[in-house]
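> Just need the structure, nothing else, for what follows:
(one chain, ligands or ions: 2)
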Amino acid sequence: MSRQAGQNFNKFVHWGRNVVAVGRNYRDHCAELGHAVPTKPLLFMKPPSSYLEEGSGPIVIPRGCRSCHHEVELGVVIGSVCGDVHEDDVMPRVAGYALALDMTARDFQEEAKKSGGPWTMAKCFDTALPVSRFISAKELSDPSGVKLWCKVNEEMRQNGSTADMVFNIPYLISYISQYFTLHPGDLVLTGTPAGVGPVHPGDVISAGLGDLITMKFTVAQKE
Ligand SMILES: CC(=O)CC(=O)C(=O)O
Ligand SMILES: [Mg+2]
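Ligands and ions are numbered 1, 2, ... in the order given. Below you'll find the model as predicted:
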């Protein structure tokens, strides 16, 4: 896919497609938040309205949130329909990737965990999904051992590798596809490594994927 085609695909991806997110997919992140390592993928959704493209404005911490965390993640962009696909058949159906931040209102999430409620308020607010440009599968031919990092105000906070996922990409997409069909342009967020932490209004978050991409976002607070 050409650079131009990649950018077009990115536009397509952003609006109206499903975003499936995987939680607790790195052992070190499970440990830092005191969670057991899951025995099957933990899934939740983020709405397409939460997408934020680089250069289009700040990440806005939602009203009343006192602890908004960065979570850097590799996103997988689906290229062709995945319904009940075998692990071996997943990778040809992947169009490409995006670097993403699964911004999380941690205090809202803690409240939800205590009450047994869903994570919607914690994960779905406007701007909760900052993303990079589309990275074609040709550009990233092997996503299974790529570095991903996140800095806040130039301080390294997360510095992991996709090699450390509990469930790898073929397994995750095959698993998800047994329960609901993934369509072209859907995005699968594959979980975050250790080092998540709070951001504050005025902070600058930068993140990178191997030597392929870096992206930068500022942070604001909703009054
Ligand atoms: C604790 C979480 O918010 C789970 C999650 O999103 C993750 O990436 O892990
Ligand atoms: Mg996450």
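> how deep is the residue in the chain that ligand 2 sits nearest to tucked in, by neighbour count?
In the chain, no residue comes nearer to ligand 2 than residue 102, which is 3.4 Å away by CB to the ion. The C-beta positions use only the backbone N, C-alpha and C, and glycine is treated the same way. Residue 102 is flanked by 26 other residues according to other CB atoms under 10 Å.
> next helix or strand past the least confident helix or strand in the chain by mean pLDDT?
Using mean pLDDT, DSSP states H and E, helix 3-14 stands out as the lowest-scoring helix or strand of the chain, at a mean of 56. Toward the C-terminus, helix 3-14 is succeeded by strand 19-23 as the next helix or strand (DSSP states H and E).
> roughly how far is that next one from the heart of the chain?
Here strand 19-23 shows a centroid-to-chain-centroid distance of 7 Å under the convention CA atoms, centre = their mean, to the nearest Å.
> repeat for stretch 122-139
6 Å.
> re earlier: tell me the predicted confidence for the residue of the chain closest to ligand 2.
Turning to residue 102, the model gives it a pLDDT of 98.
> Could I get the contacting residues of it?
21, 46, 71, 73, 123, 128-129, 189, 192 (CB atoms under 8 Å, 6 or more residues apart in numbering).
> Near ligand 2, list only the ones from those residues.
Subset of these in contact with ligand 2: 71, 192, counting by CB under 5 Å from the ion.
> TSV for the contacts of residue 102, including pLDDT, secondary structure and neighbour count?
As requested, those are exported to TSV (pLDDT from 0 to 100; DSSP: H, G, I helix; E, B strand; the rest coil; neighbours: other CB atoms under 10 Å):
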residue	pLDDT	secondary structure	neighbour count
21	98	strand	25
46	97	strand	23
71	98	coil	23
73	98	strand	30
123	98	helix	26
128	98	coil	25
129	97	strand	29
189	98	strand	28
192	98	coil	29
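> a markdown table please, covering the contacts of residue 102 and showing distance to residue 92.
Listed next are the contacts of residue 102 as a markdown table, based on distance: CB to CB, whole Å:
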| residue | distance to residue 92 |
| --- | --- |
| 21 | 23 |
| 46 | 26 |
| 71 | 28 |
| 73 | 23 |
| 123 | 30 |
| 128 | 31 |
| 129 | 26 |
| 189 | 21 |
| 192 | 27 |
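> ok, of the contacts of residue 102, which one's closest to ligand 1?
Distance to ligand 1, by CB to the nearest ligand atom, is smallest for residue 192 among the contacts of residue 102, at 3.7 Å.
> Now the closest one. Nearest residue, chain neighbours left out?
residue 71 (3.7 Å; CB to CB, 6 or more residues apart in numbering).
> same thing with residue 29?
Leaving aside its chain neighbours, residue 29 sits nearest to residue 194 (4.8 Å; criterion: CB to CB, 6+ apart).
> ditto for residue 203
residue 219 (4.4 Å).
> can you list the residues of this structure near ligand 2?
Residues of the chain lying near ligand 2 by CB under 5 Å from the ion: 71, 102, 192.
> at 6 Å what do you get?
Selection of the chain residues close to ligand 2 by CB under 6 Å from the ion yields 21, 23, 71, 73, 102, 191-192.
> could those residues be laid out in TSV, adding distance to residue 159?
Below are the residues of the chain next to ligand 2 laid out as TSV (distance: CB to CB, whole Å):
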residue	distance to residue 159
21	21
23	20
71	14
73	14
102	17
191	15
192	12
